[in-house]
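J.: Below is the structure, and that's it, no one-letter string:
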(Lines give C-alpha, C1' and ligand atoms only; values in the text may rest on other atoms or scores of the structure.)
Protein backbone atom coordinates (compact mmCIF):
# COMPACT_ATOMS: atom_id res chain seq x y z
CA UNK A 1 0.00 0.00 0.00
CA UNK A 2 1.36 3.42 -0.99
CA UNK A 3 2.24 5.82 1.80
CA UNK A 4 0.17 8.58 0.16
CA UNK A 5 -3.16 8.49 -1.67
CA UNK A 6 -2.11 11.34 -3.95
CA UNK A 7 1.03 13.28 -4.76
CA UNK A 8 -0.77 16.61 -4.56
CA UNK A 9 -3.96 17.66 -2.81
CA UNK A 10 -5.20 21.14 -3.72
CA UNK A 11 -7.57 22.93 -1.35
CA UNK A 12 -9.47 25.45 -3.47
CA UNK A 13 -10.40 25.28 -7.15
CA UNK A 14 -9.77 28.87 -8.15
CA UNK A 15 -7.49 30.11 -10.90
CA UNK A 16 -4.25 29.45 -9.01
CA UNK A 17 -5.28 26.05 -7.73
CA UNK A 18 -6.60 24.84 -11.07
CA UNK A 19 -3.44 25.92 -12.89
CA UNK A 20 -1.24 24.23 -10.29
CA UNK A 21 -3.28 21.02 -10.44
CA UNK A 22 -3.20 20.84 -14.22
CA UNK A 23 0.53 21.50 -14.57
CA UNK A 24 1.38 19.11 -11.73
CA UNK A 25 -0.69 16.39 -13.44
CA UNK A 26 1.11 17.07 -16.71
CA UNK A 27 4.36 16.49 -14.84
CA UNK A 28 3.04 13.05 -13.86
CA UNK A 29 1.66 13.75 -10.38
CA UNK A 30 -1.48 12.14 -8.99
CA UNK A 31 -3.64 15.14 -8.14
CA UNK A 32 -6.91 15.75 -6.28
CA UNK A 33 -8.69 19.12 -6.01
CA UNK A 34 -11.32 19.96 -3.39
CA UNK A 35 -13.67 22.88 -4.05
CA UNK A 36 -16.65 23.48 -1.78
CA UNK A 37 -18.43 26.03 -3.99
CA UNK A 38 -17.81 26.19 -7.74
CA UNK A 39 -14.68 25.57 -9.82
CA UNK A 40 -13.16 28.78 -11.12
CA UNK A 41 -12.92 30.64 -7.83
CA UNK A 42 -13.56 34.29 -7.19
CA UNK A 43 -12.35 35.53 -10.57
CA UNK A 44 -14.48 33.31 -12.77
CA UNK A 45 -17.56 32.85 -10.59
CA UNK A 46 -18.02 36.12 -8.69
CA UNK A 47 -15.17 38.42 -9.58
CA UNK A 48 -13.25 39.55 -12.64
CA UNK A 49 -15.26 37.83 -15.37
CA UNK A 50 -18.86 38.52 -14.30
CA UNK A 51 -17.76 42.00 -13.19
CA UNK A 52 -16.36 42.77 -16.63
CA UNK A 53 -19.58 41.55 -18.27
CA UNK A 54 -21.57 43.96 -16.08
CA UNK A 55 -19.07 46.71 -16.91
CA UNK A 56 -19.74 46.16 -20.61
CA UNK A 57 -23.47 46.39 -19.97
CA UNK A 58 -23.13 49.61 -18.00
CA UNK A 59 -21.11 51.36 -20.70
CA UNK A 60 -23.80 51.07 -23.36
CA UNK A 61 -25.73 53.90 -21.71
CA UNK A 62 -22.87 56.31 -22.35
CA UNK A 63 -22.35 54.88 -25.84
CA UNK A 64 -26.00 55.54 -26.69
CA UNK A 65 -25.68 59.11 -25.43
CA UNK A 66 -22.47 59.67 -27.40
CA UNK A 67 -24.01 58.20 -30.54
CA UNK A 68 -26.34 61.19 -30.90
CA UNK A 69 -23.43 63.41 -31.92
CA UNK A 70 -22.60 60.91 -34.65
CA UNK A 71 -26.06 60.99 -36.19
CA UNK A 72 -27.67 58.05 -34.40
CA UNK A 73 -31.11 58.28 -32.75
CA UNK A 74 -31.42 55.72 -29.96
CA UNK A 75 -33.99 57.46 -27.79
CA UNK A 76 -36.06 54.29 -27.25
CA UNK A 77 -33.31 52.08 -25.86
CA UNK A 78 -34.35 50.17 -22.73
CA UNK A 79 -32.51 48.00 -20.21
CA UNK A 80 -33.60 44.82 -18.43
CA UNK A 81 -31.55 43.70 -15.40
CA UNK A 82 -32.92 40.12 -15.21
CA UNK A 83 -31.88 39.50 -18.82
CA UNK A 84 -28.34 40.70 -18.09
CA UNK A 85 -28.03 38.53 -14.97
CA UNK A 86 -29.46 35.46 -16.70
CA UNK A 87 -27.07 35.80 -19.64
CA UNK A 88 -24.17 36.41 -17.27
CA UNK A 89 -25.07 33.26 -15.35
CA UNK A 90 -25.08 31.21 -18.56
CA UNK A 91 -21.58 32.38 -19.44
CA UNK A 92 -20.26 31.67 -15.94
CA UNK A 93 -21.75 28.18 -16.08
CA UNK A 94 -20.01 27.62 -19.42
CA UNK A 95 -16.68 28.74 -17.99
CA UNK A 96 -17.08 26.53 -14.92
CA UNK A 97 -17.76 23.56 -17.20
CA UNK A 98 -14.62 24.43 -19.18
CA UNK A 99 -12.53 24.46 -15.98
CA UNK A 100 -13.96 21.07 -15.03
CA UNK A 101 -13.23 19.64 -18.46
CA UNK A 102 -9.66 20.94 -18.36
CA UNK A 103 -8.98 19.15 -15.08
CA UNK A 104 -10.72 15.98 -16.28
CA UNK A 105 -8.55 15.86 -19.39
CA UNK A 106 -5.45 16.28 -17.24
CA UNK A 107 -6.49 13.32 -15.08
CA UNK A 108 -7.14 15.41 -11.96
CA UNK A 109 -9.75 14.05 -9.54
CA UNK A 110 -12.27 16.67 -8.39
CA UNK A 111 -14.17 16.46 -5.12
CA UNK A 112 -16.93 19.03 -4.59
CA UNK A 113 -16.56 19.44 -0.86
CA UNK A 114 -14.73 21.30 1.88
CA UNK A 115 -11.34 20.01 2.96
CA UNK A 116 -9.51 20.81 6.22
CA UNK A 117 -6.15 19.82 7.67
CA UNK A 118 -5.74 16.94 10.07
CA UNK A 119 -1.96 17.21 9.93
CA UNK A 120 0.67 18.38 7.42
CA UNK A 121 0.04 15.38 5.16
CA UNK A 122 -3.64 14.62 5.83
CA UNK A 123 -6.87 16.41 4.92
CA UNK A 124 -10.39 15.49 5.93
CA UNK A 125 -13.33 15.96 3.57
CA UNK A 126 -16.76 17.03 4.75
CA UNK A 127 -17.89 13.43 4.31
CA UNK A 128 -15.39 12.33 6.93
CA UNK A 129 -13.08 10.68 4.41
CA UNK A 130 -9.39 11.33 4.94
CA UNK A 131 -6.82 11.73 2.17
CA UNK A 132 -3.07 11.44 2.63
CA UNK A 133 -0.98 13.62 0.32
CA UNK A 134 2.75 14.02 -0.24
CA UNK A 135 2.19 17.72 -0.90
CA UNK A 136 -0.73 20.01 -0.15
CA UNK A 137 -1.44 23.34 -1.86
CA UNK A 138 -3.68 25.94 -0.25
CA UNK A 139 -5.39 28.16 -2.82
CA UNK A 140 -8.58 29.20 -1.05
CA UNK A 141 -8.37 32.84 -2.16
CA UNK A 142 -10.01 35.70 -0.30
CA UNK A 143 -13.39 36.56 1.11
CA UNK A 144 -15.12 39.95 1.50
CA UNK A 145 -14.16 41.80 4.67
CA UNK A 146 -16.79 44.04 6.29
CA UNK A 147 -14.54 45.67 8.87
CA UNK A 148 -15.81 46.52 12.33
CA UNK A 149 -19.40 45.44 13.09
CA UNK A 150 -22.02 48.17 12.93
CA UNK A 151 -25.73 48.24 13.76
CA UNK A 152 -27.71 46.87 10.82
CA UNK A 153 -24.78 45.05 9.19
CA UNK A 154 -27.25 42.28 8.29
CA UNK A 155 -28.75 44.64 5.72
CA UNK A 156 -25.41 45.11 3.92
CA UNK A 157 -24.29 43.04 0.91
CA UNK A 158 -20.86 42.38 -0.58
CA UNK A 159 -19.88 42.09 -4.22
CA UNK A 160 -20.74 38.37 -3.99
CA UNK A 161 -24.44 39.12 -3.55
CA UNK A 162 -24.39 42.04 -5.99
CA UNK A 163 -24.08 39.59 -8.88
CA UNK A 164 -27.39 37.94 -7.92
CA UNK A 165 -29.72 40.82 -7.07
CA UNK A 166 -33.27 40.15 -8.26
CA UNK A 167 -33.60 43.68 -9.60
CA UNK A 168 -31.54 46.80 -10.21
CA UNK A 169 -31.68 48.95 -7.04
CA UNK A 170 -32.71 52.57 -7.74
CA UNK A 171 -30.43 53.98 -5.01
CA UNK A 172 -27.13 52.43 -3.97
CA UNK A 173 -24.65 53.36 -1.25
CA UNK A 174 -21.23 51.75 -1.57
CA UNK A 175 -18.64 51.91 1.18
CA UNK A 176 -15.07 51.64 -0.06
CA UNK A 177 -12.69 53.43 -2.39
CA UNK A 178 -10.78 50.67 -4.15
CA UNK A 179 -11.16 48.48 -7.24
CA UNK A 180 -14.42 46.76 -6.35
CA UNK A 181 -16.15 49.82 -4.90
CA UNK A 182 -15.47 52.02 -7.91
CA UNK A 183 -16.18 49.33 -10.48
CA UNK A 184 -19.59 48.59 -8.98
CA UNK A 185 -20.28 52.30 -8.51
CA UNK A 186 -19.92 52.89 -12.23
CA UNK A 187 -21.74 49.65 -13.08
CA UNK A 188 -24.81 50.66 -11.08
CA UNK A 189 -24.62 54.29 -12.22
CA UNK A 190 -24.25 53.29 -15.86
CA UNK A 191 -27.31 51.06 -15.63
CA UNK A 192 -29.39 53.86 -14.14
CA UNK A 193 -29.01 53.73 -10.34
CA UNK A 194 -28.34 56.76 -8.17
CA UNK A 195 -24.98 55.99 -6.57
CA UNK A 196 -23.13 57.38 -3.58
CA UNK A 197 -19.59 56.21 -2.71
CA UNK A 198 -18.53 56.61 0.93
CA UNK A 199 -14.84 56.28 1.75
CA UNK A 200 -13.02 56.97 5.01
CA UNK A 201 -9.78 58.14 3.34
CA UNK A 202 -9.03 61.55 1.89
CA UNK A 203 -9.38 60.31 -1.69
CA UNK A 204 -10.32 57.16 -3.59
CA UNK A 205 -7.93 54.56 -5.08
CA UNK A 206 -5.37 54.49 -2.29
CA UNK A 207 -2.01 53.26 -3.60
CA UNK A 208 -2.48 54.62 -7.12
CA UNK A 209 -0.72 57.67 -8.53
CA UNK A 210 -2.12 60.92 -7.13
CA UNK A 211 -2.91 62.31 -10.59
CA UNK A 212 -4.88 59.14 -11.36
CA UNK A 213 -6.84 59.37 -8.12
CA UNK A 214 -7.81 62.99 -8.75
CA UNK A 215 -8.66 62.39 -12.41
CA UNK A 216 -10.88 59.36 -11.77
CA UNK A 217 -12.83 61.09 -9.03
CA UNK A 218 -13.36 64.16 -11.17
CA UNK A 219 -14.69 62.16 -14.12
CA UNK A 220 -16.85 59.87 -11.97
CA UNK A 221 -18.51 62.87 -10.38
CA UNK A 222 -19.16 64.35 -13.83
CA UNK A 223 -21.11 61.19 -14.62
CA UNK A 224 -23.28 61.57 -11.55
CA UNK A 225 -21.56 59.35 -8.95
CA UNK A 226 -21.45 61.19 -5.62
CA UNK A 227 -18.16 60.60 -3.79
CA UNK A 228 -18.04 61.35 -0.06
CA UNK A 229 -14.55 61.02 1.47
CA UNK A 230 -13.36 61.31 5.06
CA UNK A 231 -16.52 59.50 6.07
CA UNK A 232 -17.85 56.01 6.81
CA UNK A 233 -21.12 54.17 7.33
CA UNK A 234 -21.92 53.85 11.04
CA UNK A 235 -25.28 52.08 10.83
CA UNK A 236 -28.04 50.85 8.54
CA UNK A 237 -31.73 50.81 9.44
CA UNK A 238 -34.52 49.14 7.48
CA UNK A 239 -37.63 51.27 7.15
CA UNK A 240 -40.94 50.47 5.55
CA UNK A 241 -39.91 51.75 2.11
CA UNK A 242 -36.12 51.87 2.08
CA UNK A 243 -32.90 51.58 4.05
CA UNK A 244 -31.59 54.52 6.04
CA UNK A 245 -27.80 54.76 5.98
CA UNK A 246 -26.18 56.58 8.91
CA UNK A 247 -22.88 58.30 8.09
CA UNK A 248 -20.13 59.44 10.45
CA UNK A 249 -20.63 63.03 9.27
CA UNK A 250 -24.11 63.00 10.83
CA UNK A 251 -26.07 62.61 7.61
CA UNK A 252 -28.74 59.99 6.97
CA UNK A 253 -28.97 58.77 3.37
CA UNK A 254 -31.90 56.78 1.91
CA UNK A 255 -30.92 53.70 -0.11
CA UNK A 256 -32.39 50.56 -1.62
CA UNK A 257 -29.09 48.70 -1.47
CA UNK A 258 -26.01 49.11 0.72
CA UNK A 259 -22.82 47.40 -0.43
CA UNK A 260 -19.54 47.19 1.45
CA UNK A 261 -16.44 46.88 -0.74
CA UNK A 262 -13.77 47.55 1.86
CA UNK A 263 -11.37 44.89 0.69
CA UNK A 264 -11.02 41.12 0.82
CA UNK A 265 -9.24 39.12 3.49
CA UNK A 266 -7.42 35.78 3.12
CA UNK A 267 -9.89 32.88 3.31
CA UNK A 268 -8.17 30.88 6.06
CA UNK A 269 -10.89 30.44 8.69
CA UNK A 270 -11.40 26.88 9.98
CA UNK A 271 -8.87 25.31 7.59
CA UNK A 272 -6.98 23.69 10.47
CA UNK A 273 -3.74 25.47 9.63
CA UNK A 274 -2.44 25.09 13.16
CA UNK A 275 -2.69 21.29 12.94
CA UNK A 276 -0.51 21.41 9.85
CA UNK A 277 2.04 23.78 11.37
CA UNK A 278 1.27 26.54 8.84
CA UNK A 279 2.06 30.04 10.07
CA UNK A 280 0.30 33.32 9.30
CA UNK A 281 2.26 36.36 8.06
CA UNK A 282 1.97 39.90 9.41
CA UNK A 283 -0.18 40.80 6.40
CA UNK A 284 -2.86 38.34 7.56
CA UNK A 285 -2.18 35.84 4.79
CA UNK A 286 -0.36 32.54 4.88
CA UNK A 287 3.38 33.09 5.25
CA UNK A 288 5.35 31.73 2.27
CA UNK A 289 8.85 31.96 0.81
CA UNK A 290 9.79 32.88 -2.76
CA UNK A 291 8.72 29.40 -3.91
CA UNK A 292 5.32 29.66 -2.16
CA UNK A 293 6.39 27.16 0.52
CA UNK A 294 4.82 27.60 3.96
CA UNK A 295 6.38 26.90 7.36
CA UNK A 296 5.34 23.26 6.84
CA UNK A 297 7.89 21.98 4.25
CA UNK A 298 5.39 19.97 2.19
CA UNK A 299 2.58 22.56 2.32
CA UNK A 300 2.43 25.45 -0.15
CA UNK A 301 0.07 28.37 -0.75
CA UNK A 302 -0.61 30.57 -3.79
CA UNK A 303 -2.89 33.42 -4.73
CA UNK A 304 -4.93 35.78 -2.58
CA UNK A 305 -4.69 33.52 0.48
CA UNK A 306 -1.06 34.68 0.81
CA UNK A 307 -2.08 38.35 0.54
CA UNK A 308 0.94 39.23 -1.60
CA UNK A 309 -0.48 40.72 -4.81
CA UNK A 310 -4.15 39.84 -5.02
CA UNK A 311 -4.67 39.60 -8.77
CA UNK A 312 -5.79 36.58 -10.77
CA UNK A 313 -2.82 36.47 -13.20
CA UNK A 314 -0.48 36.54 -10.20
CA UNK A 315 -2.25 33.53 -8.66
CA UNK A 316 -2.03 31.68 -11.97
CA UNK A 317 1.68 32.43 -12.33
CA UNK A 318 2.31 31.36 -8.72
CA UNK A 319 0.37 28.12 -9.23
CA UNK A 320 2.31 27.29 -12.39
CA UNK A 321 5.63 28.09 -10.72
CA UNK A 322 4.74 25.89 -7.75
CA UNK A 323 3.99 22.91 -10.01
CA UNK A 324 7.20 23.39 -11.97
CA UNK A 325 9.19 23.72 -8.74
CA UNK A 326 7.78 20.70 -6.92
CA UNK A 327 6.88 18.31 -9.74
CA UNK A 328 8.73 19.57 -12.80
CA UNK A 329 12.25 19.67 -11.44
CA UNK A 330 12.50 23.34 -12.35
CA UNK A 331 12.66 25.58 -9.27
CA UNK A 332 10.84 28.78 -10.21
CA UNK A 333 10.39 31.91 -8.11
CA UNK A 334 7.74 34.35 -9.29
CA UNK A 335 8.87 37.92 -9.97
CA UNK A 336 6.26 40.15 -8.33
CA UNK A 337 7.79 43.37 -9.68
CA UNK A 338 6.08 45.60 -12.25
CA UNK A 339 2.75 43.77 -12.26
CA UNK A 340 0.24 45.68 -14.41
CA UNK A 341 -3.20 46.33 -12.99
CA UNK A 342 -6.47 47.90 -14.10
CA UNK A 343 -9.61 49.32 -12.54
CA UNK A 344 -12.60 48.84 -14.82
CA UNK A 345 -14.52 51.81 -13.53
CA UNK A 346 -15.48 54.74 -15.73
CA UNK A 347 -13.11 56.24 -16.61
CA UNK A 348 -10.92 53.14 -16.85
CA UNK A 349 -7.52 52.98 -15.16
CA UNK A 350 -4.37 51.13 -16.20
CA UNK A 351 -1.13 51.23 -14.24
CA UNK A 352 2.25 49.51 -14.03
CA UNK A 353 5.40 50.31 -12.07
CA UNK A 354 6.15 53.11 -9.65
CA UNK A 355 3.85 56.01 -8.89
CA UNK A 356 5.35 59.49 -8.90
CA UNK A 357 5.45 59.51 -5.09
CA UNK A 358 7.21 56.14 -4.94
CA UNK A 359 9.76 57.18 -7.54
CA UNK A 360 10.53 60.46 -5.81
CA UNK A 361 11.11 58.56 -2.57
CA UNK A 362 13.43 55.97 -4.13
CA UNK A 363 15.25 57.67 -7.02
CA UNK A 364 17.90 60.39 -7.00
CA UNK A 365 16.08 62.13 -9.87
CA UNK A 366 12.55 61.62 -11.13
CA UNK A 367 11.30 63.03 -14.42
CA UNK A 368 7.58 63.25 -15.15
CA UNK A 369 5.98 63.31 -18.59
CA UNK A 370 2.26 63.93 -18.60
CA UNK A 371 -0.48 64.62 -21.14
CA UNK A 372 -4.16 65.45 -20.65
CA UNK A 373 -6.46 65.96 -23.60
CA UNK A 374 -9.98 65.56 -24.87
CA UNK A 375 -10.24 62.25 -26.76
CA UNK A 376 -11.14 62.44 -30.43
CA UNK A 377 -14.38 60.55 -29.86
CA UNK A 378 -15.61 63.25 -27.48
CA UNK A 379 -15.22 66.02 -30.07
CA UNK A 380 -18.49 65.02 -31.76
CA UNK A 381 -20.25 63.40 -28.83
CA UNK A 382 -19.72 66.48 -26.69
CA UNK A 383 -18.92 64.44 -23.60
CA UNK A 384 -17.03 66.35 -20.93
CA UNK A 385 -14.12 64.00 -20.36
CA UNK A 386 -10.35 63.95 -20.67
CA UNK A 387 -7.65 61.30 -21.03
CA UNK A 388 -4.62 61.18 -18.74
CA UNK A 389 -1.32 59.57 -19.77
CA UNK A 390 1.68 59.77 -17.45
CA UNK A 391 5.18 58.35 -17.59
CA UNK A 392 7.46 58.24 -14.56
CA UNK A 393 11.14 58.15 -15.56
CA UNK A 394 14.39 57.59 -13.70
CA UNK A 395 16.07 60.89 -14.49
CA UNK A 396 19.60 59.46 -14.29
CA UNK A 397 19.25 56.26 -16.32
CA UNK A 398 16.36 57.37 -18.51
CA UNK A 399 14.49 54.16 -17.69
CA UNK A 400 10.68 54.32 -17.69
CA UNK A 401 9.74 53.05 -14.23
CA UNK A 402 6.01 53.80 -14.24
CA UNK A 403 3.11 54.23 -16.63
CA UNK A 404 -0.31 55.47 -15.53
CA UNK A 405 -3.31 55.82 -17.83
CA UNK A 406 -6.90 56.98 -17.40
CA UNK A 407 -9.38 56.77 -20.23
CA UNK A 408 -11.02 54.41 -22.68
CA UNK A 409 -9.03 51.18 -23.21
CA UNK A 410 -6.51 52.13 -20.51
CA UNK A 411 -6.25 48.47 -19.46
CA UNK A 412 -5.48 47.34 -23.00
CA UNK A 413 -2.82 50.04 -23.39
CA UNK A 414 -1.09 49.34 -20.08
CA UNK A 415 -0.76 45.63 -20.84
CA UNK A 416 1.44 46.55 -23.80
CA UNK A 417 3.27 49.28 -21.89
CA UNK A 418 4.02 46.74 -19.16
CA UNK A 419 6.20 44.79 -21.60
CA UNK A 420 8.38 47.84 -22.16
CA UNK A 421 8.58 48.61 -18.44
CA UNK A 422 9.47 45.00 -17.66
CA UNK A 423 12.18 45.06 -20.34
CA UNK A 424 13.63 48.20 -18.70
CA UNK A 425 12.94 50.35 -21.75
CA UNK A 426 14.12 53.94 -21.59
CA UNK A 427 12.33 57.14 -22.44
CA UNK A 428 14.60 57.30 -25.51
CA UNK A 429 13.20 53.90 -26.58
CA UNK A 430 9.68 55.27 -26.27
CA UNK A 431 10.65 58.40 -28.22
CA UNK A 432 12.22 56.30 -30.98
CA UNK A 433 8.99 54.36 -31.48
CA UNK A 434 6.84 55.59 -34.38
CA UNK A 435 3.46 56.92 -33.31
CA UNK A 436 0.24 55.30 -34.51
CA UNK A 437 -2.21 58.06 -35.41
CA UNK A 438 -4.94 58.85 -34.50
CA UNK A 439 -4.91 57.03 -31.15
CA UNK A 440 -4.74 58.04 -27.52
CA UNK A 441 -1.82 55.67 -26.98
CA UNK A 442 0.38 57.58 -29.44
CA UNK A 443 0.89 60.18 -26.72
CA UNK A 444 3.03 57.62 -24.89
CA UNK A 445 5.68 57.97 -27.59
CA UNK A 446 5.24 61.68 -28.39
CA UNK A 447 5.57 63.26 -24.92
CA UNK A 448 9.01 64.77 -25.51
CA UNK A 449 8.83 67.64 -23.02
CA UNK A 450 9.20 66.98 -19.30
CA UNK A 451 6.40 68.40 -17.21
CA UNK A 452 8.36 68.16 -13.94
CA UNK A 453 11.72 67.07 -12.49
CA UNK A 454 12.39 66.22 -8.87
CA UNK A 455 15.69 65.49 -7.13
CA UNK A 456 16.13 63.73 -3.83
CA UNK A 457 18.76 64.93 -1.43
CA UNK A 458 21.37 62.29 -0.57
CA UNK A 459 20.92 60.67 2.82
CA UNK A 460 23.32 61.99 5.41
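T.: Nice, I can see it. From a predicted model like this one, the values you see are computed outputs, not experimental measurements.

J.: distance of residue 198 from residue 260?
T.: Distance of residue 198 to residue 260, computed by CB to CB, to the nearest Å: 10 Å. From N, CA and C alone the C-beta is placed, and that goes for glycine too.

J.: if I look at the two, which residues touch both of them?
T.: Between them, residue 198 and residue 260 share these contacting residues under CB atoms under 8 Å, 6 or more residues apart in numbering: 174-176, 233.

J.: who wins for most neighbours among these?
T.: residue 174 (29 neighbours; other CB atoms under 10 Å).

J.: Quickly find the element holding that residue.
T.: strand 171-175 (DSSP states H and E).

J.: just checking, what packs against that strand?
T.: helix 179-191, strand 194-199, strand 252-255, strand 257-260 (3 or more CB pairs under 8 Å, 6 or more residues apart in numbering; DSSP states H and E).

J.: what angle sits between that strand and strand 194-199?
T.: 10 degrees (axes from the mean of the first three to the mean of the last three CA atoms, to 10 degrees).

J.: how far does strand 171-175 sit from the chain's center?
T.: 20 Å (CA atoms, centre = their mean, to the nearest Å).

J.: orientation of it relative to helix 179-191 in degrees?
T.: Going by the same axes, to 10 degrees, strand 171-175 is angled at 170 degrees with respect to helix 179-191.

J.: What strands flank strand 171-175, and is each parallel or antiparallel?
T.: strand 194-199 (parallel), strand 257-260 (parallel) (DSSP bridges).

J.: residues in contact with the next helix or strand after the last one?
T.: Okay, so that is strand 257-260. Once the chain leaves strand 257-260, the next helix or strand it forms, by DSSP H and E, is strand 264-266. Contact with strand 264-266 is made by 42, 140, 142-145, 284-286, 304-307, 310, as judged by CB under 8 Å, 6+ apart.

J.: Can you tell me the number of residues neighbouring residue 150?
T.: 16.

J.: Excluding covalently adjacent residues, which one is nearest to residue 48?
T.: Leaving aside its sequence neighbours, residue 48 sits nearest to residue 312 (CB to CB, 6 or more residues apart in numbering; 5.7 Å).

J.: re the thing from before, would you mind pulling the contact partners of the strand holding residue 174?
T.: Taking CB under 8 Å, 6+ apart as the rule, strand 171-175 contacts 181, 184-185, 188, 193-199, 232-233, 242, 245, 253-262.

J.: between the helices and strands packed on strand 171-175, which gets nearest to residue 96?
T.: Closest approach to residue 96 among the helices and strands packed on strand 171-175 (CB to CB): helix 179-191, 21.3 Å.

J.: which helices and strands sit right next to that closest one?
T.: helix 48-67, helix 159-162, strand 171-175, strand 194-199, helix 210-222, strand 341-343.

J.: For those, give me TSV that also has mean pLDDT and distance to residue 429.
T.: Formatted as TSV, those follow (pLDDT from 0 to 100; distance: least, CB to CB, whole Å):
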stretch	mean pLDDT	distance to residue 429
helix 48-67	96	31
helix 159-162	96	39
strand 171-175	98	41
strand 194-199	98	38
helix 210-222	97	23
strand 341-343	98	23
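
J.: Mark which of the contacts of strand 171-175 are buried, thanks.
T.: Among the contacts of strand 171-175, those buried by neighbour count (16 or more other CB atoms under 10 Å) are 181, 184-185, 188, 193-199, 232-233, 242, 245, 253, 255-262.

J.: Quick one: residues contacting residue 257.
T.: Contacts of residue 257 by CB under 8 Å, 6+ apart are 157, 165, 169, 171-173, 243.

J.: Swap in 7 Å and give it another go.
T.: 157, 169, 172 (CB atoms under 7 Å, 6 or more residues apart in numbering).

J.: Residue 33: which of these is nearest?
T.: For these, the nearest to residue 33 is residue 157 (29.0 Å; CB to CB).

J.: ranges for the helices of the stretch 301-450 of the chain?
T.: Applying DSSP state H, counting those that start in this stretch to the stretch 301-450 of the chain gives helices spanning 312-327, 356-362, 376-381, 410-422, 427-431.

J.: Mind checking these for the one nearest to residue 68?
T.: Using CB to CB, the nearest of the helices of the stretch 301-450 of the chain to residue 68 is helix 376-381, at 7.5 Å.

J.: Spatially central, which residue of this structure would that be?
T.: The chain has residue 311 as the residue nearest its centroid, 5.2 Å off, counting by CA atoms, centre = their mean.

J.: From residue 54, how far out is that one?
T.: 19 Å.

J.: sorry, back to before: my guess is the residue nearest to residue 48 contacts residue 41. True?
T.: No - in this structure, residue 312 is not within contact of residue 41 by CB atoms under 7 Å, at 8.3 Å.

J.: any shared contact partners between these two?
T.: Counting by CB under 7 Å, 6+ apart, the residues touching both residue 312 and residue 41 are residue 15.

J.: Let me see the backbone angles for residue 345.
T.: The phi and psi values for residue 345, taken as degrees, to the nearest 10, are phi -90, psi -170.

J.: Looking at it now. What's its pLDDT?
T.: If you check residue 345, the pLDDT there is 97.

J.: Run through the residues that contact it.
T.: 182-183, 185-186, 216, 220.

J.: Quick check: buried residues in stretch 411-424?
T.: Of the residues in stretch 411-424, those buried (16+ other CB under 10 Å) are 411, 413-414, 417-418, 420-421.

J.: With pLDDT and distance to residue 95 added, can I get those in a markdown table?
T.: Putting the buried residues of stretch 411-424 into a markdown table (pLDDT from 0 to 100; distance: CB to CB, whole Å) gives the following:
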| residue | pLDDT | distance to residue 95 |
| --- | --- | --- |
| 411 | 97 | 20 |
| 413 | 97 | 26 |
| 414 | 98 | 24 |
| 417 | 98 | 28 |
| 418 | 98 | 25 |
| 420 | 98 | 31 |
| 421 | 98 | 30 |
